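Visitor: Here is a sequence together with a model predicted from it:
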Amino acid sequence: MTDHTADNALRHEALWRRIPGVVLILIAMVAWFAIGNPRFLSGDNLANLGLQASLLLMLALPMTLIILTAGLDLSVGALLGLCGVVIAALLVAGWSLIVAVGAALAVGLIIGLINGYLVSYLSLPAFVVTLGTLGISEGLALAISHGDPIGGFTPSIEAFYRSTVGGVPTPVIAAALFCGLLWLILYRTRFGNYIFAIGGNKEALHLAGVKANLVHMAVYVLCSLSVALSALLLLGRTNSAHPSVAVGMEFEAIAAVVLGGTSFEKGQGWLLGTVLGVLAITVLRNGLNVLSVEPSLQVLCVGLMLIVALLIDRGRKGEMAGAAG
Amino acid sequence: MTMGPAPAIDGRQAAPLLRLSNIKKSFPGVDALKSVSFEISAGEVHVILGQNGAGKSSLIKVLCGAYLADGGEMEVDGRPVAIRGPADANALGIAVIYQEFSLVPYLDIAQNIFLGREGAFAKAGLIDKAAMHAAARQVLQQLGLTYDTHTYVHDLGVAHQQMVEIAKALSQNARILVMDEPTAAISERESDRLFEVIDRLKQRGVAIVYISHRMKEIMALGDRITVMRDGAVVGSFLRGEAAAGELVRLMIGRSLDGMTRRAPVGAGHCVLSADRLRTAKLQDISLDVRAGEVVGLAGLVGSGRTEVVRAIFGVDPLTGGNIHLDGAPFTLRPDASIRAGIALLPEDRKRQGLALPLTVGDNTVAASLWRLFRYFRFIPTTARQVCDDLIARLNIATRGPGQQVHDLSGGNQQKIVLGKWLAAGARLFLLDEPTRGVDVGAKAEIYRLIDGLAKDGAAVLVISSEFPELVHLCDRAYVMRDYAIVGHLDHGTLSEKAILDLAVHP
């Protein structure tokens, strides 16, 4: 019926186009950094890379779910700082770790409910709503800490952060488990189906008799709760809580999702792409670190990489470029 | 109304599955449904035929629970029922296949079919994908389809999406399927596929309410055909009882006798001449419009009328053919078109023709801003003058140039869109459904306005789905079908009947 050679060629082309630009960038960067400094591939540095990636993963994976619903959460960085401050302040005040983490989760729950309720039930733009909770979170963190870093709490958090299981840092294992959990939720549960449906056709979900607004809100709550838990990783890394240390992490989280090929429209995207995006950002920053490039230039490079990856993807989907108008 | 015996299924006589009696629905100023009665049996295809505004959509909306009927009775299986919302309709097994699909693009076929009903496949909270896909394949098999159920709906063509939509309805045990112009957006081969599926559905005892303008498929598919006009049923026939011509005559009804034809104006030089225009969709469109002339572009919704004016204005790129303006070849680009004096009044004026939150003044000068600048400085007094002139000339009911367009009536909004182009010095007007959604009084005023434009020497091309309006308004008309011009009617031959004969499928 159809010309088989043409059919095959088309399939090859489709496969080639399906490899996201981020993979190409990742391969190129690893090769370049490895050649530039052999220390890049050393066990120590790889462990370090994994530690850096694990925190970003904890933020970027739930961010993927939010972006799949055609939304956005700008509050994750500020909320991470706030939860860190809450945990540290309670620990310093003598409360147990469980109470401190419970309080952080409660803070995350409240911010998540505010974000989710306003975006889903009241249809307010996610960009503005989460910009508001960004300000609220950062302000609260500054108020609680009086603007100063909080240190001198239990060393158990740092010990957890530095521990390894079979040579692999525990936070990396935790992040991998978290990734598996979210993968199951997104691809193997009805909740996951509904996330794609909210971004793709929320009306269809309503018509199917699903409480679409509730599902929509739950995605924001899930994200904020993950952020609250991630505060433990942040505290372990810095061994102190600084109110605005994590402000700006929403940039890297969103960049990782977009690098991974998830679109802001129609619920198009994939979770593992975000893992690749996180790796690309982490490898870039780590590699530049190893090459002793200034931190300010590193942020600039992440921004550049984001745009380059988009251009690569657009360029390879040549026909899309003209179709936009 | 003919009340023949219901068609036999499996050799026995079936009682009507659904019966609507004396259904009434009115909106302020309009009786959308005036005591409509309608019935359908299991395994039957019942076609509803009617012009735009005849009440077909209202009837469907009452049936699927989108509208609440003001009066009348409904029975399913001989039992009285009430449909108060979509959930009631679903519970009764009534499903509508809309043209805008209720599918999620980045879920696969199986996930879409069972959206909201994944619970049936859940094991310990996780979806048993294998079971779900097996069930999906089974549903598709009933329709004779062998899709890979892992395909994203986004990657399917319109016709296949429609099939998924049908499968979805079927999997919810729909017994009454309403199909609203299912062949409007799909090719002939795909239509044949759809008809095969409809056949299978009939064999399974599904009742199908089928809405279409295409006489050929109506005659082939319809076990029963009901014709609606002005919110009422004007005839109901069993297969073979009425010829296509009879149905068309019923559909049009009496002509609007009260309406007078526009007095022909001596046409001037040829302003627009399109020669064998082709776009991705259009096939060899040739037409011309002269100064002082109002020319109609008739045809049913989806026949390609809007695409023609978009091509002329330079919105959609041409793949062939050329356009002459005042006899000279013309490059098509919206900005060049505006400067050359071509005005496009889009069908959807709220989205494409007006900036609703802006003021009357802002909107009236939007197409002529380039005339209001001198050495890069905006001349507000000139703008004000332009606006005041237009308000007076077009008799726009507004508090003044500072009022938000949002607050104006549909008719006045349409006048502002016209005015915007008058201010820009347009002399070729492309009007796409200029009276859609405006009340009768405003309609008459818009007719006068169009008449006035032609008298002032402008060339006007009007698209309308209301054929009486075209007959009333136009000197002559082109008729379209399937993205091609299928006929030309001059002042002598232009009539509703002539338009319909050309516009519907033979």
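Guide: Here it is on my side, so go on.
Visitor: where does residue B:148 land in three-state SS?
Guide: coil (DSSP: H, G, I helix; E, B strand; the rest coil).
Visitor: ok, and the closest non-adjacent residue to the closest residue to chain B within the stretch 201-325 of chain A?
Guide: Nearest residue of the stretch 201-325 of chain A to chain B (C-beta to the nearest C-beta) works out as residue A:208 at 2.9 Å. For every residue, glycine as well, the C-beta is placed using N, CA and C. Once flanking residues are discounted, residue A:208 sits nearest to residue B:116: 2.9 Å by C-beta to C-beta, 6 or more residues apart in numbering or on different chains.
Visitor: what's the answer for residue B:186, then?
Guide: residue B:159 (4.1 Å).
Visitor: again with residue A:212
Guide: Per C-beta to C-beta, 6+ apart, closest to residue A:212 is residue A:205, 4.1 Å.
Visitor: Show me what from chain B comes close to chain A.
Guide: Proximity of chain B to chain A (C-beta under 8 Å from any C-beta of the partner chain) is limited to residues B:86-87, B:90, B:102-107, B:111, B:115-119, B:122, B:125-127, B:129, B:154.
Visitor: go again using 10 Å as the cut-off
Guide: B:86-87, B:90, B:98, B:100-108, B:111-112, B:114-119, B:121-123, B:125-129, B:152-154, B:168, B:172, B:315, B:317 (C-beta under 10 Å from any C-beta of the partner chain).
Visitor: Those residues in strands, which ones?
Guide: B:122, B:123, B:126, B:127 (DSSP state E).
Visitor: Most neighbours among those, which one?
Guide: Counting neighbours by other C-beta atoms under 10 Å in any protein chain shown, residue B:127 comes out on top of these with 22 neighbours.
Visitor: Show the pLDDT at that one.
Guide: Turning to residue B:127, the model gives it a pLDDT of 91.
Visitor: One more: residue B:245?
Guide: 74.
Visitor: can you pull the contacts of residue A:95?
Guide: Neighbouring residues of residue A:95 by C-beta atoms under 10 Å, 6 or more residues apart in numbering or on different chains: A:87, A:89, A:102, A:103.
Visitor: For the residues you listed, name the two members farthest from one another.
Guide: Taking C-beta to C-beta as the measure, the contacts of residue A:95 span a maximum distance of 13.8 Å, between A:89 and A:102.
Visitor: Between those two, which has more neighbouring residues?
Guide: Each of residue A:89 and residue A:102 has its neighbours counted (other C-beta under 10 Å); residue A:89 has more, 18 against 15.
Visitor: Show me what counts as buried in the helix or strand the more buried one falls within.
Guide: Assessed by DSSP states H and E, residue A:89 sits inside helix A:76-92. Neighbour counts over helix A:76-92 (16 or more other C-beta atoms under 10 Å in any protein chain shown) mark A:76-91 as buried.
Visitor: out of those residues, which one sits closest to chain B?
Guide: residue A:76 (23.6 Å).
Visitor: for the host helix or strand of residue B:236, the distance to its chain's centre please.
Guide: Using DSSP H and E, the element containing residue B:236 is strand B:232-238. Strand B:232-238 sits 22 Å away from the centroid of its parent chain (C-alpha atoms, centre = their mean, to the nearest Å).
Visitor: Neighbouring strands of that strand in the sheet, and parallel or not?
Guide: strand B:224-229 (antiparallel) (DSSP bridges).
Visitor: Output the strand it pairs with as CSV, restricted to C-alpha atoms.
Guide: Written as CSV, here are the backbone C-alpha positions of strand B:224-229 (Å, rounded to 0.1, in the frame of the first residue of the first chain):
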residue,chain,number,x,y,z
ARG,B,224,-36.1,8.4,9.0
ILE,B,225,-35.6,12.1,8.1
THR,B,226,-37.1,15.0,10.0
VAL,B,227,-37.0,18.5,8.6
MET,B,228,-36.9,21.4,10.9
ARG,B,229,-37.5,25.1,10.2
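Visitor: anything in stretch A:55-63 near chain B?
Guide: No: applying C-beta under 10 Å from any C-beta, one finds stretch A:55-63 out of contact with chain B, separated by at least 17.4 Å.
Visitor: Could you check how sure the model is about that stretch, as an average pLDDT?
Guide: 95.
Visitor: Can you report how many residues neighbour the residue of the stretch 201-325 of chain A closest to chain B?
Guide: 22.
Visitor: okay but it is in contact with residue B:104, surely?
Guide: Yes: contact criterion C-beta atoms under 10 Å: residue A:208 and residue B:104 qualify, at 9.4 Å.
Visitor: So what touches stretch B:332-341?
Guide: Against stretch B:332-341 from outside (C-beta under 10 Å, 6+ apart): B:271, B:277, B:310-318, B:322-323, B:325-326, B:328, B:330-331, B:342-344, B:367-368, B:370-371, B:421, B:424-430, B:458-459.
Visitor: re earlier: contacting residues around the strand holding residue B:236?
Guide: Contacts of strand B:232-238 (C-beta under 10 Å, 6+ apart): B:1-7, B:31, B:33-39, B:46-50, B:54-55, B:59, B:222-229, B:241-243, B:246-247, B:249-251, B:253.
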